[in-house]
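Asks: whatever this is, show me its structure:
(one chain, ligands or ions: 2)
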Amino acid sequence: MERVSTGIEELDRKLSGGYPANKVTLVTGVAGSGKTIFSIHFIYKNCLEGRKCMIIATEETPEDIIYQASLLGRDLTPYYKSGQLIIENIFENRSEMVGQTRYGFKPECLNIEIPTLIELIREGTECLVMDNIGTFVLRVSIKRLRDQLDALNYLVRKKGCTTLLIMDESAHNITHQLAEYSVYGSIRLLVRENSYLGKMERYLSIPKMRSTPISPEMSIFEITSEGIKIHDSGGGKFC
Ligand SMILES: Nc1ncnc2c1ncn2[C@@H]1O[C@H](COP(=O)(O)OP(=O)(O)OP(=O)(O)O)[C@@H](O)[C@H]1O
Ligand SMILES: [Mg+2]
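Replies: Ligands and ions are numbered 1, 2, ... in the order given. Predicted structure coming up:
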């Protein structure tokens, strides 16, 4: 199976080369667990490799994302300026819509669902990030959500986009972790206390990655000014 680099060497090794190409990998985690930073690694590496990339951002502006990437030693500016990287800014559109409703516009304009996000995917996109779809999954019934996620899987496969679908832990839990079943693979990020050391640590687990031998062991990772560093397995020893 073709693989697309995650932009993190140790994770590429764990995933037999990277994310499965043209499939959806779900990344979930609590606030501040590192979801956006994971996606920045994927986008930067694939921009470097000449792929057409797109971020559909629902919470952060392009400037915020580019600034965060620069803090990790990853300069996205040239790719953004050249159009090789498109950052679609739902965040500002959504804020504008909220503003508009206060001045008499219909609240229906806030009813953005996953199919609307799919329509935004530019033709030719090879690497796609949707960060964060949490707010959108809460709008729909469980049955409808399952249909929408299945449709998303089908469409990105057809369009040839290797996709990272980011969902906050709270929306994931409220929707009974339903997305887990629709997607090809899933990665979970956690921040927990290591009771042996008495300090908080970042953990990564891979509950599922079809067609890929994976270890159920958790790995500890760090976020540094050079990006994410994953330590060898041996994590998971917290209570
Ligand atoms: N250079 C760095 N060194 C250490 N920590 C950093 C560095 N850059 C960012 N961080 C930390 O990484 C954390 C995780 O960031 P990230 O934005 O990826 O989380 P997230 O899971 O996307 O959060 P949210 O759900 O709020 O969007 C931030 O809270 C920040 O404090
Ligand atoms: Mg984020």
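
Asks: confirm I206 sits in a strand?
Replies: Yes - I206: assigned to a strand according to DSSP: H, G, I helix; E, B strand; the rest coil.

Asks: please name the nearest non-neighbouring residue to it.
Replies: When the adjacent residues along the chain are set aside, I206 lies closest to I214, with 4.8 Å between them (C-beta to C-beta, 6 or more residues apart in numbering). The way it works is simple: take the backbone N, C-alpha and C, and place the C-beta from them, glycine included.

Asks: what's the pLDDT at the one you found?
Replies: On the pLDDT scale, I214 is placed at 93.

Asks: distance-wise, check it relative to I187.
Replies: The gap separating I214 from I187 is 10 Å, by C-beta to C-beta, to the nearest Å.

Asks: more neighbours: these two, which one.
Replies: I187 (24 against 15; other C-beta atoms under 10 Å).

Asks: tell me what that one is bridged to.
Replies: V27 (DSSP bridges).

Asks: just give me the residue right at the centre of the protein.
Replies: I166 (3.3 Å; C-alpha atoms, centre = their mean).

Asks: I'd say that one and V27 touch.
Replies: Yes - with contact defined as C-beta atoms under 8 Å, I166 reaches V27; the gap is 4.9 Å.

Asks: who touches both of these two?
Replies: Here I166 and V27 have 35, 39 as joint contacts, going by C-beta atoms under 8 Å, 6 or more residues apart in numbering.

Asks: what is the burial count for the closest residue to E169 other than its chain neighbours?
Replies: Using C-beta to C-beta, 6+ apart and skipping residues adjacent in sequence, the residue nearest E169 is V30, 4.6 Å away. Using other C-beta under 10 Å, V30 is surrounded by 16 other residues.

Asks: surely G73 meets T224?
Replies: No - at 9.3 Å, G73 does not count as touching T224 under the criterion of C-beta under 8 Å.

Asks: stretch 128-137 near ligand 2 at all?
Replies: No - Stretch 128-137 is not in contact with ligand 2 by C-beta under 5 Å from the ion; minimum separation 5.8 Å.

Asks: tell me the buried residues in that stretch?
Replies: By neighbour count on 16 or more other C-beta atoms under 10 Å, the buried set for stretch 128-137 is 128-137.

Asks: next one: phi and psi at S215?
Replies: Main-chain dihedrals, S215, degrees, to the nearest 10: phi -100, psi 140.

Asks: where does this structure dip in pLDDT?
Replies: Applying pLDDT under 70 to the chain flags the ranges 91-111, 233-239.

Asks: the helices in it, which residues?
Replies: For the chain, applying DSSP state H gives helices covering 9-14, 35-48, 62-71, 77-82, 90-102, 114-119, 134-137, 142-159, 169-174, 179-182.

Asks: so what does the nearest residue to P213 once chain neighbours are set aside have for phi and psi?
Replies: With sequence-adjacent residues excluded and distances taken as C-beta to C-beta, 6+ apart, P213 is closest to S16, at 7.0 Å. With angles defined as degrees, to the nearest 10, S16 sits at phi 60, psi 30.

Asks: tell me, how many residues neighbour S16?
Replies: For S16, the neighbour count with other C-beta under 10 Å is 14.

Asks: list the contacts of it.
Replies: Per C-beta under 8 Å, 6+ apart, neighbours of S16: 3, 212-213.

Asks: gap between it and ligand 1?
Replies: Counting by C-beta to the nearest ligand atom, to the nearest Å, the separation of S16 from ligand 1 is 25 Å.

Asks: how much space between that residue and R3?
Replies: The gap separating S16 from R3 is 7 Å, by C-beta to C-beta.

Asks: ok, L76 next?
Replies: Note on L76: its distance to R3, by C-beta to C-beta, is 22 Å.

Asks: lovely, talk soon.
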